[in-house]
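**Q** Compute the structure for the input listed below.
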Amino acid sequence: MFKYEVIVYWSEEDKAYIAEVPELPGCMSDGPTYEKAIKNAQIVISEWIETAEKMNREIPQPKGKLAYA
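**A** Numbers count the residues shown, from 1 in each chain. Modelled structure (predicted):
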């Protein structure tokens, strides 16, 4: 399991839960349930990292919990 922050919210437009990974640009998934969206997020994080490695792009280190003011 990856340790990137994942933000999950309900999209009325898509009728699905959306899981965004802010530290990996463009990395997001969806699912019919909260749990499925999280599970799908782990898959797309893996794919995002695999693609970045193939393209010799920098892979950000997980920052963990973000601090809010």
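
**Q** Give me the nearest residue to the residue nearest the centre of the chain, chain neighbours excluded.
**A** When the chain is reduced to its mean C-alpha position, the closest residue under Cα atoms, centre = their mean turns out to be Val21, at 3.1 Å. Nearest in space to Val21, with sequence neighbours left out and distances taken as Cβ to Cβ, 6 or more residues apart in numbering, is Cys27 at 4.0 Å. Using the backbone N, CA and C atoms, a C-beta is placed for each residue, glycine as well.

**Q** Counting neighbours, what do you get for that neighbour?
**A** Counted with other Cβ atoms under 10 Å, the neighbours of Cys27 add up to 20.

**Q** Tell me the backbone dihedrals of it, please.
**A** The phi and psi torsions at Cys27 (degrees, to the nearest 10) take the values phi -90, psi 110.

**Q** Next: the one 5 residues further on.
**A** Backbone torsions for Pro32, taken as degrees, to the nearest 10, come to phi -70, psi -20.

**Q** can I assume it is in contact with Ile18?
**A** No - proximity of Pro32 to Ile18 does not meet the contact threshold set by Cβ atoms under 8 Å, at 11.6 Å.

**Q** quick one: which of the two has more around it?
**A** Here Pro32 and Ile18 are set side by side on neighbour count (other Cβ under 10 Å), and the busier one is Ile18, at 17 against 10.

**Q** measure the residue nearest to Val21 to Ile49 for me?
**A** Using Cβ to Cβ, to the nearest Å, one obtains 9 Å as the distance from Cys27 to Ile49.

**Q** can you check Met28 too?
**A** On the measure of Cβ to Cβ, Met28 and Ile49 end up 14 Å apart.

**Q** and the residue nearest to Val21, what pLDDT?
**A** The pLDDT attached to Cys27 in the predicted structure is 97.
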